[in-house]
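Colleague: 3D, please:
(one chain, ligands or ions: 1)
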Amino acid sequence: MKNSSKGIVACAGNIIYVCSLMIMVSSCSEKKVITEGSVWRDSDGRVINAHGGGFLYYDKLYYWYGECKADSTYRLKKVSTWECYRSDAKGISCYSSADLINWKYEGIALSPVSSDSSSDLHPSKVMERPKVIFNRKTGKFVMWIHIDSDDYTSARAGVAISDKPTGPFNYLGSFKPDSGDSRDQTVFLDDDGRAYHIASSEGNKTMYISLLNDDYTKTTGIYTRNFINESREAPAVFKRNGKYYIITSACTGWDPNQASYAEADSMLGKWTTIGNPCSGKDYDKTFYAQSTFVLKIEGSEEKYIAMFDRWNKTNLSDSRYIWLTVRFDKGRVEIPWTGKWMPVTE
Ligand code: GAL
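Modeller: Prediction:
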């Protein structure tokens with residue numbers, strides 16, 4: 001895994017956008033720019049531990065939910081067919097920020113259950129790729145998580161709810177959405193209030209997009225099979241100008257591969273694969289990272305950040321974050337490598 005050096009800083013009151021320009025000398029001391037792949041620290045100076053992240057904007061703050069990984073990484077000996085590196089699950093962490101640069105640690109939003117080795121939330125299990133959406137009707141924050149056994153053979157989706165964005169989230173249990181496997185996953189909340197679960201299913205070969213029920217805690221039985229036998233993972237969905245986009249990775253465990261994106265006119269409609277959105281250095285390896293989320297900047301029509309994890313498979317808690325500006329060229333999605341960023345005021 002490649003690491004980059006630390007970043008610089010910029011100032012701003014209501015900054016919300018991270019862009020790729022590099023020139024900037026700051027007159028303000030507390031703001032910083034995070035260089036892609038550098039160690040990113042929270043407002044207390046601790047390394048941010050929130051991998052496979054999901055993001056939520058609520059009441060003027062952004063929330064970052066992620067896998068809180070224990071320090072030590074081990075390889076599961078009973079798995080011989082692939083490199084099953086693991087670190088114990090320390091729950092789902094939560095951070096908040098007004099500017100997407102400075103993040104305050106809000107604690108563990110969904111706690112592990114150390115006392116019961118049969119629990120989905122036992123540290124020996126897999127709790128990955130948490131995503132949270134807010135349900136206006138029920139007033140609940142709903143978290144979806146990839147829940148799995150230590151060897152990734154159970155392949156389930158877990159759901160938890162909370163009255164507050166920071167938790168504590170109350171775990172409702174796990175299940176097989178639409179009777180299928182559910183590994184790498186995300187949720188997408190559309191403007192019309194409908195929400196969808198998107199997951200690698202059928203042994204990771206085919207991706208399911210499932211309409212959720214009104215309270216967003218279950219699937220409805222209405223679902224589509226997508227990218228059939230294409231083995232796509234790491235889904236990140238966004239919408240722009242009425243069109244839906246999904247960025248995915250190929251299926252190579254913790255190792256990087258080439259990203260691809262597809263577009264559709266509706267979530268349950270036909271998805272057309274366009275190709276690799278990445279460009280620049282290491283574009284064919286997704287910059288040595290893997291997609292997790294695309295965040296639309298609140299109040300803007302055009303500004304989106306594509307978020308990736310640069311996994312360090314032998315030291316998973318030291319995996320890094322790569323955030324890049326999404327650009328649109330005649331409707332085509334482009335994610336150019338930029339090396340360094342700085343925030344830009346709106
Ligand atoms: C990746 C997946 C990660 C994690 C890993 C385990 O393919 O995207 O979230 O599950 O496999 O090897």
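
Colleague: distance of Val326 relative to Gly107?
Modeller: 30 Å (CB to CB, to the nearest Å). Where you see a C-beta, it was placed from the backbone N, CA and C, and this is true even at glycine.

Colleague: check the closest residue to the ligand within the chain and give its pLDDT.
Modeller: Residue of the chain nearest the ligand, by CB to the nearest ligand atom: Gly253 (3.9 Å). According to the prediction, Gly253 has pLDDT 97.

Colleague: isn't it up against Thr81?
Modeller: No - using CB atoms under 8 Å, Gly253 is not in contact with Thr81, being 10.4 Å away.

Colleague: settle it for me: which of these two has more neighbours?
Modeller: More neighbours surround Gly253 than the other of Gly253 and Thr81, with 15 against 6 (other CB atoms under 10 Å).

Colleague: I'd guess that one is in a strand, am I close?
Modeller: No - per DSSP: H, G, I helix; E, B strand; the rest coil, Gly253 lies outside any strand segment and is coil.

Colleague: how about the residues of the stretch 201-346 of the chain by the ligand?
Modeller: Residues of the stretch 201-346 of the chain lying close to the ligand by CB under 6 Å from any ligand atom are Glu233, Ala234, Gly253, Trp254, Gln290.

Colleague: phi, psi for Ser87 please.
Modeller: Dihedral angles of Ser87 (phi, psi; degrees, to the nearest 10) stand at phi -130, psi 150.

Colleague: Gly107 pairs with what?
Modeller: Cys94 (DSSP bridges).

Colleague: okay, it: pLDDT?
Modeller: In this model, Gly107 is scored at 98, pLDDT.

Colleague: settle this for me: it is touching Gly167, isn't it.
Modeller: Yes - between Gly107 and Gly167 there is a contact under CB under 8 Å: 7.2 Å.

Colleague: what sits in contact with each of the two?
Modeller: Cys94 (CB atoms under 8 Å, 6 or more residues apart in numbering).

Colleague: what about these two, which has more around it?
Modeller: Shown here are Gly107 and Gly167; by other CB under 10 Å, Gly167 has more neighbours (25 against 13).

Colleague: which residue, neighbours along the chain excluded, lies closest to that one?
Modeller: Ala109 (3.3 Å; CB to CB, 6 or more residues apart in numbering).

Colleague: then Arg156?
Modeller: Once flanking residues are discounted, Arg156 sits nearest to Ser174: 4.0 Å by CB to CB, 6+ apart.

Colleague: again with His51
Modeller: Nearest to His51 is Glu67, by CB to CB, 6+ apart, at 4.3 Å.

Colleague: how far is the stretch of helix or strand the one you found belongs to from where the chain is centred?
Modeller: Taking DSSP states H and E as the criterion, Glu67 maps to strand 61-75. The chain centroid and the centroid of strand 61-75 are separated by 11 Å under CA atoms, centre = their mean, to the nearest Å.

Colleague: what about that strand, average pLDDT?
Modeller: Averaging pLDDT along strand 61-75 yields 98.

Colleague: and the residues of the stretch 201-346 of the chain next to the ligand, which are buried?
Modeller: For those, a burial check counting by 16 or more other CB atoms under 10 Å picks out Glu233, Ala234, Trp254, Gln290.

Colleague: state the mean pLDDT of stretch 288-303.
Modeller: On average, stretch 288-303 scores 91.

Colleague: that one: which residues count as buried?
Modeller: By neighbour count on 16+ other CB under 10 Å, the buried set for stretch 288-303 is Tyr288, Ala289, Gln290, Ser291, Thr292, Phe293, Val294, Leu295, Lys296, Ile297, Lys303.
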